[in-house]
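Undergrad: Requesting a structural model of the entry that follows:
(chains A, B, C and D)
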Protein chains: 4
Amino acid sequence: MNTFGRKFRVSIFGESHGPAIGVTIDGVLPGLVIDPDELKKEIARRKSGAPGTTPRIEADEPIFLSGVVGDTATGAPMTIIFSNENTKSKDYSKLVDIPRPGHADFVAAVKFEDFQDYRGGGHFSGRITLPIVAAGYIAKKQFSDISINAELIEVGGVKPRIPAHAKNDPEVQRVIAEASAEGDSLGAIIECEVKGLEVGYGEPFWDSVESMISHAIFSIPGVRGIEFGDGFAAARMKGSEHNDPIGEDGIPLKNGAGGVNGGITNGAPLRFRVAFKPTASIRKEQTTYNFAKEKMDKLSIEGRHDVCFALRCPVIVEAMTAIVLTDFLEISDL
Amino acid sequence: MNTFGRKFRVSIFGESHGPAIGVTIDGVLPGLVIDPDELKKEIARRKSGAPGTTPRIEADEPIFLSGVVGDTATGAPMTIIFSNENTKSKDYSKLVDIPRPGHADFVAAVKFEDFQDYRGGGHFSGRITLPIVAAGYIAKKQFSDISINAELIEVGGVKPRIPAHAKNDPEVQRVIAEASAEGDSLGAIIECEVKGLEVGYGEPFWDSVESMISHAIFSIPGVRGIEFGDGFAAARMKGSEHNDPIGEDGIPLKNGAGGVNGGITNGAPLRFRVAFKPTASIRKEQTTYNFAKEKMDKLSIEGRHDVCFALRCPVIVEAMTAIVLTDFLEISDL
Amino acid sequence: MNTFGRKFRVSIFGESHGPAIGVTIDGVLPGLVIDPDELKKEIARRKSGAPGTTPRIEADEPIFLSGVVGDTATGAPMTIIFSNENTKSKDYSKLVDIPRPGHADFVAAVKFEDFQDYRGGGHFSGRITLPIVAAGYIAKKQFSDISINAELIEVGGVKPRIPAHAKNDPEVQRVIAEASAEGDSLGAIIECEVKGLEVGYGEPFWDSVESMISHAIFSIPGVRGIEFGDGFAAARMKGSEHNDPIGEDGIPLKNGAGGVNGGITNGAPLRFRVAFKPTASIRKEQTTYNFAKEKMDKLSIEGRHDVCFALRCPVIVEAMTAIVLTDFLEISDL
Amino acid sequence: MNTFGRKFRVSIFGESHGPAIGVTIDGVLPGLVIDPDELKKEIARRKSGAPGTTPRIEADEPIFLSGVVGDTATGAPMTIIFSNENTKSKDYSKLVDIPRPGHADFVAAVKFEDFQDYRGGGHFSGRITLPIVAAGYIAKKQFSDISINAELIEVGGVKPRIPAHAKNDPEVQRVIAEASAEGDSLGAIIECEVKGLEVGYGEPFWDSVESMISHAIFSIPGVRGIEFGDGFAAARMKGSEHNDPIGEDGIPLKNGAGGVNGGITNGAPLRFRVAFKPTASIRKEQTTYNFAKEKMDKLSIEGRHDVCFALRCPVIVEAMTAIVLTDFLEISDL
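TA: Predicted coordinates:
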């Protein structure tokens, strides 16, 4: 199943080293105007190049195959593709036999009977999040008066003083430089907050807001956990501490629930945190199994990789959130 | 949408104080034999009555309306219902105007335009997890050689010495008794481990194992967070620490990933932890808005409620896990 | 998959000789008021008892398990069941080994590995259309200003003078009496017309109005064909004859297209015809294979059966049409 | 919803005069080998150029964006696109204001609030059936020992002597030449037969074989009716005539049911007929409404159009049938 959503539906396709990766979006409002510069800005937020990110630079130019006339959406399925140009497939030649720890190499080979495109992670590559950013941009345009803001609140165990400028935080830069020097990698935590949501997004039980958000967020490669509002800390609180007192118009006076009761938005900001693991590909030597030699082996991954790929992920978390909320918006007629 | 799953599909219906609650299960294997005693044992695990749980006792007798002849599944949709008998609707009379903090009362009234069944939480009641346990039992029967085991690893901040016997742990009993005396409530953390899974469950991206498990788990009322393998701790680890070295046959030598790479099971046990909030209904006085009086008010919830509803939830977490895995099993032809 | 629809979703369950058959409906508008007498009238239209129909009389009393308080829908999943009381299972004892021509006995045994409920056709029984009539009633209540009207326009090759009173037409009664005397059965054609539809129901391509209507209509046991507007006759017309000239406001001046262009309603009445086969169960001797004796055999079906089950089907065709249109209505925000 | 199927899933996108049209296919078996020449042969069967078809010639060269390495499927989503090169958009300039009878111009303008791509019918164009042929080719490759064969059995009311060579039949050529000379168009009937199907494809009720086939077939622009086996004639037959006697191994001895009982294949060939309307675009003058002038008007459509587009449709009917059957095959584990 390569599709997510019920009415605002996002389908992805493509491999890291194939001709192109892309997305088809169903349920775009006819008449929605796309601003190419805005879209490029969103794409740029995911780009590599900063310290801690891979030096593989792609043009990442969106090509609209369908669903628009000029810059205006028609309401028909919208397909956006991105060419893969800067590929160095020979880097991956030995991975066929020597699966990389922390990667999908081994499980993909089993599941797809060795027919998977192993180059650059194939369909499992983090590059597939590029069309997600494009879909997220379209999603964000479909509603107004809602702000979605995701920020790095912790990188390699360090809390940046200003989460929105985590990349420039000297302490963050220091741990990145250290990990880079060791040929190692770092994880991070991203917090996302959505303001301006009306009461009533989400459905009871299966399609609760948390269910749909977590479903989408765990699709992002490298996510290890998600928590809403007080999250895991709520398990150590008493009801009298965790419960949010209800104020006028029914809006909660604090936000331990993260903006959701019974799976449905309650008028407070939606708030959740996402744990990203450290980048799996590291230069530091690791232990793996060599299927060609039929014995254990050592692996040092050269290639071009992020020290902390999560630095590029706030815009992806926002995109996923926008995709989920737009689907709720369309399905619930809010 | 009251349905979850793609091929093994579970639909729920019912309200806490309506005539019955139930479940319809699609995709049951023809010929599957149901053992009524086994099913009752599973249902008993969810039952109230222990210290920390509500004294509302229901017979919880499953009634099969369709999909079986004798004790054998036919392959047609299987509907199982449970009568609601022990209901005290008058307890809830004042909740129409005074929404309970931590509950769905307010959002349900907005979303369903005051037509929701407010008695006992209606369709939002935790009682809807009873048919989930029944569906989970059917799911567990569909595969062999897999063990699913969920345990309380923390209650009210206390780690029981033997998670499988958390209810009997003296320290756990003490914090429950204290919270009960205060008219307050407690949260908990449940860990679930699945052994015996083959490599290959799950799909790349949208329908990753983590996506589907978290989707189902966040449907359980009161869940605040979920993490797989090293979870949030992974965000503070280096790649060389978090990555699982790969051993013979490709199976990982440790389990920081929680048994999943690229969204697909890797042969190690699937392992995740779920944070449950404290019970929302407490005797202790809380602040809320009185819609009848159009002003802020105080609320003390009498009724019959669990001090720590999570004590009843390990079997529900197992049921949800079984439902997701059976769907993967059927959809992937493993 | 026992579910149809995207937002107004109808799931069925039950077997002819099980405890009950029923339906769960998702997407019912909160506040919708059910009139029990209206519902009973719809159910009565499907009832047997008239010449040409089976003498098996059931109370057909709808029992609401969920989704209503009093007679008002809450917006939660609505489950309606009907008890099966008047069952004579011994009539079917020999059918395990001797599949009935024109029935699903043989295919069900193969598909469900002999575990199907063979009594009364089990889940394949026409009795499953009873909950469909209930769901159709709910669907009809969800929109206003639309009339759905299905009529018998041909019975056993005879065109009744007044389609709405086909059962009382003397010529129709004559062919039914003849077929009954011979121990044989008759087919029929039903035409359905929907007036008052706005322009814009339906989606391009996969979910065209004709696609969704035909999908639902072919679910009714015994349907052999469907055609819209000029139907099969259109294949013998020229474009200048078949095309509908367009009048003021874009509404067509005639209705060769049956009210649909490009899969989308065009403002003219939706009009289609459905061909029903003759009842499969007949007293007249037929040839079949005796799996017990492992040789060809003769079969005369006694039991209680309709001479022309299609006499009971106009309300079922209307129900299916209402279910499809309500789903389009909800999904398209018309 | 631009997607069809449950496990073998086909999504389409594109407009007649946009940069490209295409298809994404989910559920392709890893390791499936694509023969580019075979695919081109299928595509050629849909091509125009023969008498009765439009002179618009496109290269119709399939471009694989994802899901293959070399000619071998990886199991990841497969996207195939076709460039639109030979477009003459100026031909359509006046259609914005003057909707063409028999076309979706008017309904598309209403539904998509005038934002639709009106050029060449946009997303409603018959050109969207080109990627369907490609998807049908992939579907056909997924199973073995099944033959799907669709033929023109009637063109403009004329039955060709050899259906497989209808285009060369002198009588067919005569009626086409006549209609062409008059600036008019013709309809046709296509029969499809599938041999080699095992017993057990299809599901009871909603997802019957007839439901799914008709759903897909009515997606093809210009279909007016479908009937299985004896079809509409069954409505005039007696049960003793229409019922298929059952022979050894349960296989029917004749095929009035068209190979399906209770929605499930019964071992006889699947057989159905499809009615195609005459091409809507004709040179002959028609009546329509001129929205610019706000009055009735006359319209003669010049452009390049098929006299009988159904001549190009047998391969499309086969493709749709293959798509449905492959989905059944994958979903039922036959």
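
Undergrad: Tell me which stretches of the stretch 151-300 of chain A form strands.
TA: Taking DSSP state E, counting those that start in this stretch as the test, the strands found in the stretch 151-300 of chain A are A:188-195, A:223-228, A:260-261, A:264-265, A:270-276, A:286-290, A:295-299.

Undergrad: who are the neighbours in contact with the closest residue to chain C within chain A?
TA: The minimum distance from chain A to chain C, using Cβ to the nearest Cβ, falls at A:D333 (5.9 Å). C-beta here means a position set from N, CA and C on the backbone, and glycine is covered the same way. Taking Cβ atoms under 8 Å, 6 or more residues apart in numbering or on different chains, we find A:D333 in contact with C:D333.

Undergrad: try 10 Å
TA: A:200, C:7, C:330, C:333 (Cβ atoms under 10 Å, 6 or more residues apart in numbering or on different chains).

Undergrad: and the helix ranked longest in chain A, anywhere near chain B?
TA: Once chain A is assigned using DSSP state H, the helix that runs over the most residues is helix A:314-332. Yes. Interface with chain B: helix A:314-332 contributes A:331-332 (Cβ under 10 Å from any Cβ of the partner chain).

Undergrad: Now do that helix against strand A:188-195, angle only.
TA: Angle, helix A:314-332 to strand A:188-195, by axes from the mean of the first three to the mean of the last three Cα atoms, to 10 degrees: 40 degrees.

Undergrad: A:A50: neighbour count?
TA: 15 (other Cβ atoms under 10 Å in any protein chain shown).

Undergrad: Next: A:E113.
TA: So A:E113, with other Cβ under 10 Å, has 14 neighbours.

Undergrad: nearest residue to it other than its sequence neighbours?
TA: D:P30 (5.1 Å; Cβ to Cβ, 6 or more residues apart in numbering or on different chains).

Undergrad: Now do the same contact list for that neighbour.
TA: A:108, A:111-116, D:67, D:72-76 are the contacts of D:P30 under Cβ under 10 Å, 6+ apart.

Undergrad: repeat for A:T279
TA: A:T279 neighbours (Cβ under 10 Å, 6+ apart): A:52-54, A:102, A:126, A:179, A:184-187, A:222, A:301, A:305-311, B:238-239, B:242-243.

Undergrad: check contacts around the closest residue to it other than its chain neighbours.
TA: Nearest non-adjacent residue to A:T279, counting by Cβ to Cβ, 6+ apart: A:S185, 3.8 Å away. Going by Cβ under 10 Å, 6+ apart, A:S185 touches A:52, A:102, A:156, A:176, A:179, A:277-284, A:305-310, B:237-243.

Undergrad: try A:T24
TA: A:2-3, A:9-13, A:65-67, A:77-81, A:131, A:135, D:2-3, D:11-14, D:22-24, D:77, D:79 are the contacts of A:T24 under Cβ under 10 Å, 6+ apart.

Undergrad: hang on, the earlier thing: if any of the contacts of A:D333 are buried, give me the ChimeraX selection for them.
TA: Of those, the buried ones can be selected in ChimeraX as follows, counting by 16 or more other Cβ atoms under 10 Å in any protein chain shown:
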select /A:200 /C:7,330
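
Undergrad: Can you name the residues of the stretch 151-300 of chain A that neighbour chain C?
TA: A:203-205.

Undergrad: which residues in the stretch 1-150 of chain A form helices?
TA: Per DSSP state H, counting those that start in this stretch, the stretch 1-150 of chain A carries helices over the ranges A:36-46, A:105-111, A:129-142.

Undergrad: can you state the direction angle for the longest one and helix A:36-46?
TA: Counting by the same axes, to 10 degrees, helix A:129-142 lies at 130 degrees to helix A:36-46.

Undergrad: Residue ranges in chain A under the pLDDT threshold?
TA: Chain A contains residues with pLDDT under 70 at A:49, A:55-57, A:87-95.

Undergrad: can we see that at 80?
TA: By pLDDT under 80, the low-scoring segments of chain A are A:1, A:48-58, A:86-96, A:303-304, A:333-334.

Undergrad: Correct me if wrong: A:G126 contacts A:V223.
TA: No. Using Cβ atoms under 10 Å, A:G126 makes no contact with A:V223, being 11.4 Å away.

Undergrad: who touches both of those two?
TA: When contacts are counted by Cβ under 10 Å, 6+ apart, A:G126 and A:V223 are jointly contacted by A:313, A:316.

Undergrad: Neighbour count for these two, which is higher?
TA: A:V223 (28 against 22).

Undergrad: ok so, going back, next one: the residue nearest to A:T279 from chain D, what distance?
TA: Distance of A:S185 to chain D, computed by Cβ to the nearest Cβ, to the nearest Å: 26 Å.

Undergrad: re earlier: who wins on neighbours among the residues of the stretch 151-300 of chain A next to chain C?
TA: A:P204 leads these on contacts (other Cβ under 10 Å) with 28 neighbours.

Undergrad: re the thing from before, list phi and psi for the residue nearest to A:E113.
TA: Per-residue torsions, D:P30: phi -60, psi 130 (degrees, to the nearest 10).

Undergrad: which residues sit in contact with A:A134?
TA: A:10, A:22-23, A:25, A:34, A:39, A:42-43, A:46, A:60, A:62, A:64, A:78, A:80-82, A:319.

Undergrad: Try it again at 6 Å.
TA: A:62, A:80 (Cβ atoms under 6 Å, 6 or more residues apart in numbering or on different chains).

Undergrad: what separates it from chain D, distance-wise?
TA: 14 Å.

Undergrad: Tell me how far that residue lies from A:A322.
TA: 11 Å (Cβ to Cβ, to the nearest Å).

Undergrad: How about A:F4?
TA: From A:F4 to A:A322 the distance is 12 Å (Cβ to Cβ).

Undergrad: Repeat that for A:R304.
TA: Counting by Cβ to Cβ, the gap from A:R304 to A:A322 is 29 Å.

Undergrad: between these two, which one's more packed in?
TA: Each of A:R304 and A:A322 has its neighbours counted (other Cβ under 10 Å); A:A322 has more, 26 against 14.
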